[in-house]
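Trainee: Quick one: sequence and predicted model below, then my questions.
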Amino acid sequence: MSKLTPEIEKLREARRAARRRRPARAVRICTTGCRALGALEVHAAFERELAAAGLTDKVALLKTGCQGICAGAPVIGVDPEGILYLGAKPEDVPEIVRTTLVGGAVVERLCFQGRQGPIPKRVDIPFFAVQKPLVLARCGRIDPTSIESALADGSYEMLERALTGMEPEAVIAEITASGLRGRGGAGFPTGRKWSATRAAPGELKYLICNADEGDPGAFMDRAVVEGDPHAVLEGLLIAAHAIGARQGYVYVRAEYPIAIEHLKLAIAQAREHGLLGDNILGTGMAFDVKIKAGAGAFVCGEETALLASIEGKRGQPRTRPPFPAQSGLWGKPTCINNVETLANIAPILRMGGAVYAGLGTPTSKGTKIFALAGKVKYTGLVEVPIGITMNQLVNDIGGGVPAGSAFKAAQMGGPSGGCVPARYLDMPIDYETVKEVGAIMGSGGLIILDGATCMVDLARYFMDFCAKESCGKCPPCRIGTTRMLEILTRICAGEGKPEDIARLEELGGQVKKNSLCGLGQTAPNPVLTTIRHFRSEYEAHVNERRCPAAVCRRLIGFKILPEKCICCGRCAKACPVPCIAGKIGKAPARATEQDRENGKVGEPFAIQSALCIKCGACFDICPVAAIEKK
Amino acid sequence: MQNDSAVESSFDLAPVAEIVASHAPFSEGDIIGALQDVQDRYGYLARPVVDELARLSGLPVAKFYGVATFYAQFHLKPHGKHTVRVCRGTACHVRGSPKIMDAVVRRLGIEDGATTPDRLFSLETVACLGTCFLSPVMLVDSRYFGNLTPDQAVKVLDNMGAKRAGQGTTHQEGTPTCPS
Ligand SMILES: Cc1cc2nc3c(=O)[nH]c(=O)nc-3n(C[C@H](O)[C@H](O)[C@H](O)COP(=O)(O)O)c2cc1C
Ligand code: SF4
Ligand code: SF4
Ligand code: SF4
Ligand code: FES
Ligand code: FES
């Protein structure tokens, strides 16, 4: 254990200086995820308008990471008032500058629209009410490309504390006391993993941050790495101190270019500040971090496949034991932790393991980030104490499913998980309870489904995913997933056989039992849980050749109801085949005598069903719902 | 169009040496990174380039191909000028990505994994772009398009095609907005 070093003093001075410079008047624009809806253009508009108003020096304009309520992209925070503007376009920016930054008033139409009207302030928005941001505390507030911005908000304070006041064992004890379990899916206690790696014999030990985030529908790790990369580095450094690791890797999936860019910058800045290298902060600790970009293989999120990938091999898993803690990267003791797990470390040291353990449930402690996506009004990232109910997540925070539909189920845990049906709305979400209903908490991806989702199609979709991503090493997974996919494809095409459902259950059991790695061991879960909770939908497909949700193309047809058709012709224009004909004009029922004389009466449109490819374009575009799908 | 192998035989292989040098001391753990660098530089993993990579690194060429054929990111065939990636992730799937894919396939006239004959576009699907909150999502080169409708997806491609033909239409700068 070291004492205060001159280098630490220097870092503290840098932090104090950064705090003094911290602006009160700031506009924060999420330019990471919100880029997909024009955030960079909005940022450029702010630059122009602030300059035009002579405010460039008075208002700090920050590019931040995710601010949570991503449905409102691009999300803009205005401080010190704490106003949140959602969905602004570049052309709205002059008004924001004029009204809010100059005039001190609120642009109501760009605010969160609550039941009783606009809610300007972030703290008052129900989406944020139950949240407890520990991991996401800085995300969306700081400029992730500036270490000063992170330092001002407390980055690396806990590293200082660990290096100056805590023996490695004390750090591990604190993490063990916190009850933290791995956030990458399996939920293994982090303290135990660390002490096993620390205890393993050998001078050279590796530490790996798993930022592969392959589960489709999960985006929390992306947000943390993009929005607060120093949180990941601080977690890695504290972990390295605890287990005695000398070299670290962050394995980031190639599909996250912004994350890689921000992480590269953060590593360079950390090195400049003496936070990486041979003599970290003058304490004699040696640790460095390299980025390894994945190359598009889901299975590489699995820890032994990830190791193979870093070693430059095909990313195929191997049997455990030996566990990576004993023999990992290049045969050396290796600890692998998920991004969110590592980002929890500094907050735990800050609040103390015991206080952290007071959050959550007796077996699942602390907070968890959930990614809300799918058929939910406010998609985004929420960090809540574990044990919150599905109802709170979906309805109180997420604002429920969009008008006109009903919550049907939540898909949790991606291709390894399952579907939790609506009747479990009051179920607390923790590792154990979710498992009981056949799903897993997994990485925290939560895809909300409504009546327009066909559960058989969804099961087929996941099986297709697993069959494609299976690395092919072991036959139960390679062949089993292909067979299951064939059966599901046949059921969705209306060619299911009476014995197919039982066959799926049997095959699913075998694949689970005999596969080598987690991919195969969990691949049947989406099928088995949908059979368990939605068996009648399977039966409708198999026995009645009917898709109750009207999704499976071979089982549906489109028909125009002539009495409803207003002869607008939009469907015919949208049809790619084309196979819709009619005459544009006034609807016969509403035509006047004069219309008739002038030949302005239309003819209801009709579909030639033999040619129809069932793309649904007509159905989506019809302004009066005159097209029937069933 | 020129024959691929004719084009490949005229490749300048000097950058391969730079790539190998940047990974020095080159070991097996650098294979993926070096292949990524090569693909960035040449657009795809052309045979003579990979051979040169193996020769300079002193590792068997089979190791390079073993890796190149395992990971979805690598292409062994020439790639289009623009890469269109349609997300097939769960959140996108339940919010209509199959329709986006249909529309894109029809517009480009190619299937998943293929390149248009004029080498302007390559079409890929991707497991998830981490932009699920704005699903369905498509990535064209490094530009994300969220909350897409099939119409908007086609429009994005139209605009990029029009730009190439020099018809004066600029690359669409405004992004599609949420239709709901
Ligand atoms: C098929 C498969 C994919 C996985 N993908 C990821 C992933 O993308 N990110 C992750 O952190 N863990 C993933 N895991 C879990 C890892 O194997 C490992 O348990 C985790 O990274 C350990 O970190 P933790 O203890 O901090 O959770 C995956 C596991 C399997 C079987
Ligand atoms: S279970 Fe599937 S992914 Fe895992 S090793 Fe076997 S074949 Fe590969
Ligand atoms: S579903 Fe598609 S192909 Fe069929 S009629 Fe409608 S638009 Fe045409
Ligand atoms: S879009 Fe609807 S109303 Fe218009 S012609 Fe087609 S079916 Fe009739
Ligand atoms: S608020 Fe922009 S990505 Fe979440
Ligand atoms: S599911 Fe499409 S971006 Fe994640």
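Mentor: Everything's here; your move. Numbers count the residues shown, from 1 in each chain, chains lettered A, B, ... in the order given. Ligands and ions are numbered 1, 2, ... in the order given.
Trainee: and the closest residue to ligand 1 within the stretch 151-300 of chain A, what is it in contact with?
Mentor: Here the residue of the stretch 151-300 of chain A nearest ligand 1 is A:G182; by C-beta to the nearest ligand atom that distance is 2.1 Å. Quick note: C-beta positions are derived from backbone N, CA and C, even for glycine. When contacts are counted by C-beta atoms under 8 Å, 6 or more residues apart in numbering or on different chains, A:G182 touches A:F188, A:P189, A:T190, A:K193, A:N337, A:N338, A:T341.
Trainee: Just the buried ones among the residues you listed, please.
Mentor: Buried members of the contacts of A:G182, scored by 16 or more other C-beta atoms under 10 Å in any protein chain shown, are A:P189, A:T190, A:K193, A:N337, A:N338, A:T341.
Trainee: from these, which two are the most distant?
Mentor: A:P189 and A:N338 (13.2 Å; C-beta to C-beta).
Trainee: List the residues that contact the residue in the stretch 151-300 of chain A that ligand 4 sits nearest to.
Mentor: Per C-beta to the nearest ligand atom, A:G217 is where the stretch 151-300 of chain A lies closest to ligand 4, at 32.8 Å. With contact set as C-beta under 8 Å, 6+ apart, A:G217 has these partners: A:371, A:373-374, A:411, A:414, A:445-447, B:89-91, B:128, B:132.
Trainee: rewinding a little: now intersect the contacts of A:G182 with the helices, please.
Mentor: Among the contacts of A:G182, the residues falling in helices (DSSP state H) are A:T190, A:K193, A:T341.
Trainee: Excluding covalently adjacent residues, which one is nearest to the first one?
Mentor: Okay, so that is A:T190. A:L180 (4.6 Å; C-beta to C-beta, 6 or more residues apart in numbering or on different chains).
Trainee: number of nearby residues for the one you found?
Mentor: By the criterion of other C-beta atoms under 10 Å in any protein chain shown, A:L180 has 25 neighbours.
Trainee: Please look at it and A:G366 and confirm they touch.
Mentor: Yes: between A:L180 and A:G366 there is a contact under C-beta atoms under 8 Å: 5.9 Å.
Trainee: Common neighbours of these two, please.
Mentor: A:N344, A:I348, A:Y356.
Trainee: How is the chain divided into domains?
Mentor: I'll assume chain A. A:25-79+A:83-120, A:147-356, A:367-450, A:455-543, A:557-629 (automatic domain parsing).
Trainee: ah, no, chain B please
Mentor: Taken from automatic domain parsing, chain B resolves into B:10-68, B:82-159.
Trainee: Which of those domains sits closest to ligand 1?
Mentor: domain B:82-159 (10.3 Å).
Trainee: From the chain's centre, how far out is the closest one? Work that out for me.
Mentor: Remark: domain B:82-159 is offset 12 Å from the chain centroid, using C-alpha atoms, centre = their mean, to the nearest Å.
Trainee: Please see if that domain touches ligand 3.
Mentor: No: judged by C-beta under 6 Å from any ligand atom, domain B:82-159 and ligand 3 are separated, with a smallest distance of 9.2 Å.
Trainee: related to what we said a few turns ago, will you turn the domains of chain B into TSV that also has distance to chain A and mean neighbour count?
Mentor: Below are the domains of chain B laid out as TSV (distance: least, C-beta to the nearest C-beta, whole Å; neighbours: other C-beta atoms under 10 Å in any protein chain shown):
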stretch	distance to chain A	mean neighbour count
domain B:10-68	4	17
domain B:82-159	3	21
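Trainee: how about these, which one is nearest A:Q316?
Mentor: It is, among those and with distance given as C-beta to C-beta, domain B:10-68, at 10.4 Å.
Trainee: ok now that closest one, how far from the chain's centre?
Mentor: So, by C-alpha atoms, centre = their mean, the centroid of domain B:10-68 is 18 Å from its chain's centroid.
Trainee: measure it end to end?
Mentor: Distance between the two ends of domain B:10-68: 22 Å, counting by C-alpha to C-alpha, to the nearest Å.
Trainee: quick one: A:I29 is in a strand?
Mentor: Yes: assignment of A:I29 by DSSP: H, G, I helix; E, B strand; the rest coil places it within a strand.
Trainee: how about it, what does it touch?
Mentor: A:A39, A:V42, A:H43, A:F46, A:L61, A:L62, A:K63, A:T64, A:P74, A:V75, A:I76, A:G77.
Trainee: May I have the secondary structure class of the last one?
Mentor: Reduced to three states with three-state DSSP, the structure at A:G77 is strand.
Trainee: Who's the closest spatial neighbour of it, skipping the chain neighbours?
Mentor: Going by C-beta to C-beta, 6+ apart, A:G77 has A:R28 as its nearest residue, at 4.1 Å.
Trainee: returning to that earlier point: would JSON lines of the domains of chain B with distance to A:G451 be doable?
Mentor: What follows is the domains of chain B, written out as JSON lines (distance: least, C-beta to C-beta, whole Å):
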{"stretch": "domain B:10-68", "distance to A:G451": "43"}
{"stretch": "domain B:82-159", "distance to A:G451": "11"}
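Trainee: for those, which one sits closest to ligand 5?
Mentor: Per C-beta to the nearest ligand atom, nearest to ligand 5 of those: domain B:82-159, 6.3 Å.
Trainee: out of the contacts of A:I29, which one sits closest to A:C571?
Mentor: Nearest to A:C571 among those, with distances taken as C-beta to C-beta, is A:P74, at 33.5 Å.
Trainee: In the chain, which residue is most central in space?
Mentor: You didn't say which chain, so I picked chain A. A:F219 (2.2 Å; C-alpha atoms, centre = their mean).
Trainee: wrong chain, I was asking about chain B
Mentor: Short answer for chain B (C-alpha atoms, centre = their mean): B:T83, at 4.2 Å.
Trainee: For it, give its distance to B:L139.
Mentor: 8 Å (C-beta to C-beta, to the nearest Å).
Trainee: And the pLDDT for B:F74?
Mentor: On the pLDDT scale, B:F74 is placed at 95.
Trainee: which residues of the stretch 201-350 of chain A score low on pLDDT?
Mentor: By pLDDT under 70, the stretch 201-350 of chain A has no low-scoring segment.
Trainee: Which residue ranges of the stretch 201-350 of chain A form strands?
Mentor: A:206-211, A:247-252, A:277-280, A:285-293, A:334-338 (DSSP state E, counting those that start in this stretch).
Trainee: what does the stretch 401-550 of chain A give?
Mentor: Using DSSP E, counting those that start in this stretch, strands in the stretch 401-550 of chain A cover A:407-412, A:418-421, A:445-450.
Trainee: re the thing from before, now do the phi/psi pair for the residue nearest to the centre of chain A.
Mentor: phi -140, psi 20 (degrees, to the nearest 10).
Trainee: I figured it hits B:S135, correct?
Mentor: No: using C-beta under 8 Å, A:F219 makes no contact with B:S135, being 10.5 Å away.
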